[in-house]
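Asker: okay, predicted coordinates and the sequence, questions at the end:
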Amino acid sequence: MMGVGAVKQDVKTMILTGVAGLVAGACSMAIGEFVSVYSQYDIELAQMKREGNTQDKNKLPNPYTAAMASAVAFSVGALVPLLAAAFIKDYKVRLAVVVAVVSLALLVFGGVGAVLGKAPFVKSSLRVLIGGWLAMAVTFGLTKLAGHVGV
């Protein structure tokens with residue numbers, strides 16, 4: 001949304017881009033998670049077979065569940081800027097609100113990850129926030145440049 005927001009000011013285009021990004025990102029994350037977990041499943045199952053111990057195979061992670069969880073998590077995160085932008089007509093205010101709401105969400109997600117991973121709260125939260133800011137800035141800047149030079 002930040003990329004298209006760099007070159008298109010209308011709310012409809014920004015929302016459409018957000019929906020497309022949500023669907024594409026959720027699918028990409030789910031497929032990536034599925035492939036990764038299924039590969040790990042295959043490796044661990046092969047090791048169990050070599051050891052003659054397949055009774056614990058039900059304890060292995062389920063690639064379908066992992067894919068679904070990844071898609072849902074991505075979708076929830078992608079809804080944050082989408083909902084923030086949906087109700088604001090003014091272009092500059094919409095961009096500012098998206099950045100502010102996404103920044104808050106990044107801090108929350110970083111904090112939740114820190115608590116769940118028993119990692120330093122402030123350090124983890126700031127790392128996620130700064131990474132998100134960098135991603136938004138690069139996306140906005142490169143798209144603005146591409147739009148300016150007519151690519």
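Answerer: Cool, the structure landed.
Asker: next secondary structure after the lengthiest helix in the chain?
Answerer: If you go by DSSP state H, the chain has its longest helix at helix 11-50. Toward the C-terminus, helix 11-50 is succeeded by helix 63-86 as the next helix or strand (DSSP states H and E).
Asker: okay, buried residues for that following helix please.
Answerer: Residues of helix 63-86 classed as buried by neighbour count (16 or more other C-beta atoms under 10 Å): 63, 66-67, 70-71, 74-75, 77-78, 80-82, 84-85. Placement of C-beta: from N, CA and C, glycine included.
Asker: which single one of those is nearest to residue 128?
Answerer: residue 77 (10.9 Å; C-beta to C-beta).
Asker: could I get the buried residues of helix 63-86 as JSON lines with pLDDT and distance to residue 108?
Answerer: Shown next, in JSON lines, are those (pLDDT from 0 to 100; distance: C-beta to C-beta, whole Å):
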{"residue": "63", "pLDDT": "96", "distance to residue 108": "28"}
{"residue": "66", "pLDDT": "96", "distance to residue 108": "23"}
{"residue": "67", "pLDDT": "96", "distance to residue 108": "24"}
{"residue": "70", "pLDDT": "95", "distance to residue 108": "19"}
{"residue": "71", "pLDDT": "96", "distance to residue 108": "20"}
{"residue": "74", "pLDDT": "94", "distance to residue 108": "15"}
{"residue": "75", "pLDDT": "96", "distance to residue 108": "16"}
{"residue": "77", "pLDDT": "91", "distance to residue 108": "10"}
{"residue": "78", "pLDDT": "92", "distance to residue 108": "15"}
{"residue": "80", "pLDDT": "91", "distance to residue 108": "9"}
{"residue": "81", "pLDDT": "91", "distance to residue 108": "14"}
{"residue": "82", "pLDDT": "92", "distance to residue 108": "16"}
{"residue": "84", "pLDDT": "89", "distance to residue 108": "14"}
{"residue": "85", "pLDDT": "89", "distance to residue 108": "18"}
